[in-house]
Structure formats: structure tokens, C-alpha cells
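Visitor: Need coordinates for the below:
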Amino acid sequence: MLSSCSGQLTGTSWPGISTNNGTVYVSYLNRIYAVRSNDGSVVWQYPAKAGRDSFFATPVVADGNLIAGSYQNVLVSLDPNTGSVKWTFDQAKGKWIASPLVVDGKIFAPNGDFTLYALDLNGTLLWKFPTKQALWSRPVSDGTYIYQASMDHFVYAIDINTGAKVWSLDLGGAVLYSPTLTPDGFLYVSTLARNLIAINTADGKIAWQRSFDSDLWMQPAFADGKLFFGDIAGKVYAVSAQDGSDVWSQAVNEPVIGLATEISNGIVFATENGSLIAMSFTGERLWSRTFDGALYTGPTQVGSNLAVGITKGKEFLKLINDSGQDVWSFVPPK
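Guide: Okay, the predicted model is just below:
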């Protein structure tokens with residue numbers, strides 16, 4: 001599906017899922033849907049009539065806006081209650097693949113045209129930050145700086161107010177997924193060069209890095225001082241966030257991808273073969289569940305349940321409980 005470091009995207013998209021106030025929002029193919037989390041019924045769909053446009057990036061709800069980007073290079077803000085259009089931003093020249101980030105009333109939206117755009121909540125451009133390759137990962141922020149990883153092998157620290165570069169660091173490989181930012185001021189990034197890298201945000205220096213034998217197509221998840229992630233060869237890991245040393249590893253024998261999700265008693269990993277695999281924090285398998293299709297992102301927490309986006313299956317959105325049992329399946333209206 002992804003053609004490595006070329007900055008091009010081919011094939012179909014996968015469902016991007018977010019949730020807010022009892023509603024699940026999912027962007028997939030040519031529509032965005034708002035779905036009631038209690039029963040899976042549709043609230044609204046955008047556009048009302050499907051057209052040429054298609055959506056890839058996970059929609060974001062913030063300050064009365066549902067913000068989503070399309071393959072037609074348009075960033076749109078919808079009313080999250082009704083799906084009506086509030087504004088559009090059409091100055092980008094590339095596809096919107098990564099999800100935007102909203103901090104303190106500002107929208108930070110990475111685009112495939114090598115640019116991070118900063119907008120206000122009315123869609124007005126505040127500043128833009130250029131990179132040397134496409135931006136496929138959502139930025140993260142500590143409230144002072146924006147941290148943006150790029151397909152150009154760099155991660156950038158950017159002043160949140162001015163868009164000025166504070167520092168940049170060459171990671172030696174392209175980055176598909178977002179960095180993980182922890183409260184103690186460290187970024188953890190996986191690269192296509194098979195490295196997991198810890199960066200001190202105070203100075204942009206590498207604190208530690210580890211190489212692995214297989215590709216890492218995941219954003220590491222952080223919990224209780226540990227990083228949880230998997231590789232394409234079918235192994236999942238827990239390592240110390242302090243120095244990258246092994247805590248445990250287990251073979252699951254399926255390509256692990258996306259972002260692991262924390263539940264009450266463990267971590268849930270998604271695989272390209274369509275499986276969710278729940279592991280305890282100490283590395284024992286709790287349960288597994290296989291869906292008809294592929295999973296390219298981890299599940300999204302909806303209260304005590306998990307929303308699962310499924311690619312190339314009969315259903316593209318299901319809600320399960322944290323034991324892996326069905327709650328409902330979403331059927332789009334005709």
C-alpha cells in the first residue's frame with residue numbers, strides 16, 4: 001500500500017477514527033461518517049452524495065470543529081453535530097494523509113506537499129513550515145514547540161507561535177508514524193531504517209537508539225515507563241523508555257503495524273493480517289481476534305470499548321469490548 005520513501009501513496013485508504021462526546025467519527029474512502037457510540041447508528045454523513053473526493057486522514061474534533069483532509073488537497077471543517085461545512089482551506093498542493101493537531105486554538109496540519117500549515121480555528125493561514133519531503137505523520141506538541149517528523153529523515157522542533165525552526169535532527173530514515181511525546185520531555189520515533197530513537201526535546205539530541213532486524217511500521221505506545229511496539233516480522237516488544245533495554249518480547253507471527261492501544265489490563269496490537277492481539281503488561285497473551293480484512297491502524301478507545309477500522313473487508317467499522325467481543329458493526333446507509 002505504501003511505496004516506501006517516495007512520498008507517493010497508492011491503493012486504497014484505511015479508516016481513520018476519532019471519538020468525542022458519545023460520537024465516533026470515521027473517514028473512509030469517499031465519506032466522513034458520524035456514528036452513535038451506543039448503538040452504531042449514523043448521525044450524519046459528509047458529503048450527502050458521494051463524489052470524486054476521498055478521505056484518508058483521521059478527523060479531529062476540537063473547539064466546535066471537525067477537521068479532516070481529503071485527497072483533493074482540501075482541508076475542511078465541519079460542524080461535528082450536523083456535518084455542515086464551516087470552512088475549507090485549499091492552499092495546499094498535496095494530499096492530506098496525516099491527521100492535524102489542535103493546540104490552544106491553532107490547527108497544525110501536515111501535508112503531502114512537504115509543508116506543515118498553521119491555521120486559526122476559522123481556517124486562516126498563520127504560518128507554514130517547509131520540509132524536504134512529504135509529511136505523513138501527525139505532529140505532537142508540549143505547548144511551546146511543535147514536533148514534526150518527515151519522510152525527509154528529519155524531525156523538526158518548531159516554535160508554536162512563529163513557525164521558526166528551533167532545532168532539527170537527522171534520524172537516518174524516513175518516518176511514517178507520529179513520534180510519541182512523554183511528559184518528561186522525550187520523543188520516541190520509529191524509522192524505516194529499522195531504528196527506534198529517543199530524543200531529548202530540550203536540545204534535540206539523541207538520548208539512545210536501537211536497531212532491529214525487521215521493519216518498524218509503528219508508533220511506539222508509552223505506558224508505565226515502557227514503550228510497546230511491534231515489527232513486520234511478527235514480534236512485539238516492551239522496552240525501557242529510559243535506555244531502550246528489553247523488558248520482554250513475544251512472537252505473534254503476524255506483521256504488526258499502526259499504534260498499540262492501552263486497555264485496563266494490557267496493550268492491544270493490530271496486524272496487517274486483520275488480527276487484534278491483546279498482551280498483558282508483562283507479556284502474556286490475553287486474547288486475540290481476527291477480522292475479515294486488514295488492520296493498518298490500532299483500535300481507538302471509546303469509553304471502555306475499542307473502535308476498529310478495517311480495510312478491504314465487508315465491514316469497515318466495528319466496536320468491540322476490551323475482551324475482544326462484538327458490541328456493534330456499522331452499516332453505512334445506502
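Visitor: quick one, strands of the stretch 201-334 of the chain?
Guide: 205-211, 218-219, 221-223, 226-230, 235-240, 246-251, 256-263, 266-271, 275-280, 285-290, 300-302, 305-309, 317-321, 326-329 (DSSP state E, counting those that start in this stretch).
Visitor: Strand partners (parallel or antiparallel) of the second one?
Guide: Using DSSP bridges, strand 218-219 pairs in its sheet with strand 256-263 (parallel).
Visitor: any idea of the angle the partner strand forms with strand 266-271?
Guide: 160 degrees (axes from the mean of the first three to the mean of the last three CA atoms, to 10 degrees).
Visitor: care to break the chain down by domain?
Guide: As assigned by automatic domain parsing, the chain contains the domains 93-188, 212-290.
Visitor: Residue 299 reaches residue 308, doesn't it?
Guide: Yes: in this structure, residue 299 is within contact of residue 308 by CB atoms under 8 Å, at 4.9 Å. C-beta: built from backbone N, CA, C; applies to glycine.
Visitor: Please identify which of these two sits among more neighbours.
Guide: Neighbour count, other CB atoms under 10 Å: between residue 299 and residue 308, residue 308 has more, with 29 against 26.
Visitor: Am I right that the more buried one is in contact with residue 295?
Guide: Yes: contact criterion CB under 8 Å: residue 308 and residue 295 qualify, at 7.1 Å.
Visitor: Quickly list what's touching both of these two.
Guide: Both residue 308 and residue 295 are in contact with residue 276, where contact means CB atoms under 8 Å, 6 or more residues apart in numbering.
Visitor: Count the residues that sit near the residue nearest to residue 290 when sequence neighbours are not counted.
Guide: Closest residue in space to residue 290, ignoring its immediate chain neighbours: residue 275 at 4.6 Å, by CB to CB, 6 or more residues apart in numbering. Neighbour count of residue 275, defined by other CB under 10 Å: 19.
Visitor: gap between residue 275 and residue 212?
Guide: Distance from residue 275 to residue 212, counting by CB to CB, to the nearest Å: 21 Å.
Visitor: cool, residue 220 as well?
Guide: Taken as CB to CB, the span from residue 220 to residue 212 is 12 Å.
Visitor: Could you pull out the residues contacting both of the two?
Guide: Joint contacts of residue 220 and residue 212 (CB under 8 Å, 6+ apart) are residue 196.
Visitor: Pretty sure residue 14 sits against residue 311.
Guide: Yes: using CB under 8 Å, residue 14 is in contact with residue 311, at 4.3 Å.
Visitor: can you give me the end-to-end distance of stretch 300-309?
Guide: 9 Å (CA to CA, to the nearest Å).
Visitor: For it, which outside residues touch it?
Guide: For stretch 300-309, using CB under 8 Å, 6+ apart, the contacting residues are 14-19, 24, 26, 28, 37, 261, 263-264, 268, 276, 291, 295-297, 299, 316-322, 327.
Visitor: With respect to residue 81, which of the domains of the chain lies nearest?
Guide: Shortest distance between residue 81 and the domains of the chain, using CB to CB, is found for domain 93-188: 16.1 Å.
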